[in-house]
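1. Generate coordinates for the sequence data below:
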Amino acid sequence: MTAEERRAAVFGILEQAERPVSASSLAERFGVSRQLIVGDVALLRAGGAAIDATARGYVTREKQRTGLLRQVACRHRAEDVEQELLVIVDNGCAVLDVIVEHPVYGQLTGALGLTSRYDVGQFILRSRQAQPLSLLTEGVHLHTLACPDEAAFLRVKRELTEAGFLLE
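-> Numbers count the residues shown, from 1 in each chain. Predicted coordinates:
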């Protein structure tokens, strides 16, 4: 298999996957190093493929963005990240990303792709190694949410307000 064929196969797997696919699992499947897969995905993205890297693996943007898309503006302390994310996923919405406005770099976006309590727990475990993006903006940030319907989005807004996290 050539490198070009492998990249096409990687993209095909990501398009068919129901969940994020890790670089390690792709590397094992193709009998190559994880770093080679990371490079393949970088080349696919440079070629225009809509692939996001989440804390749990790669996803195609189309897979991530199903449902009603909405954004919420929030502000809270770093120790409240888990509570905020659980409010969102417990009400049936997915947290697609986090966005902050940096004074030098402009808008910075981090793909999250969190859909369950398990995802949030894994994200929290990994995030102990670094500070959240919202520290750059005194806790102010946006989340893009994919919700099954407007009622789920309204539940999220209500609970984020009750927790004191939603910016009005």
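2. Which helix or strand lies directly C-terminal to the one helix or strand in the chain whose mean pLDDT sits lowest?
-> Ranked by mean pLDDT, DSSP states H and E, the helix or strand of the chain with the weakest confidence is helix 61-64, at a mean of 58. Counting by DSSP states H and E, the next helix or strand C-terminal to helix 61-64 is strand 68-75.
3. Centroid-nearest residue for the chain?
-> Leu112 (1.6 Å; CA atoms, centre = their mean).
4. so what's it closest to, chain neighbours aside?
-> Setting aside the residues directly before and after it, Leu112 is nearest to Val95 in space (CB to CB, 6 or more residues apart in numbering), at 4.9 Å. Using the backbone N, CA and C atoms, a C-beta is placed for each residue, glycine as well.
5. Can you show me the helices along this protein?
-> Taking DSSP state H, the helices of the chain run over residues 3-16, 23-30, 34-46, 61-64, 81-90, 117-127, 150-162.
6. can you list these in JSON lines and add mean neighbour count?
-> Listed next are the helices of the chain as JSON lines, based on neighbours: other CB atoms under 10 Å:
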{"stretch": "helix 3-16", "mean neighbour count": "15"}
{"stretch": "helix 23-30", "mean neighbour count": "16"}
{"stretch": "helix 34-46", "mean neighbour count": "16"}
{"stretch": "helix 61-64", "mean neighbour count": "16"}
{"stretch": "helix 81-90", "mean neighbour count": "19"}
{"stretch": "helix 117-127", "mean neighbour count": "15"}
{"stretch": "helix 150-162", "mean neighbour count": "16"}
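7. ok, now how distant is the nearest residue to Val72 once chain neighbours are set aside from Ala50?
-> Spatial nearest neighbour of Val72, excluding adjacent residues (CB to CB, 6+ apart): His143 at 5.4 Å. Using CB to CB, to the nearest Å, one gets 19 Å for the distance from His143 to Ala50.
8. what separates the closest residue to Ser127 other than its chain neighbours from Tyr118, distance-wise?
-> Of all residues not flanking Ser127 in the chain, Val81 sits nearest, at 7.1 Å (CB to CB, 6+ apart). For Val81, the distance to Tyr118 (CB to CB) stands at 16 Å.
9. And the contacts of stretch 114-125?
-> 54-56, 81-82, 85-86, 88-90, 94-95, 112-113 (CB atoms under 8 Å, 6 or more residues apart in numbering).
10. bridging residues for the residue nearest to Leu112?
-> Counting by DSSP bridges, Val95 forms beta bridges with Leu114, Leu145.
11. Pretty sure Ala9 is one of the things Met1 touches, is it not?
-> Yes. Here Met1 reaches Ala9: they are 7.4 Å apart, a contact under CB atoms under 8 Å.
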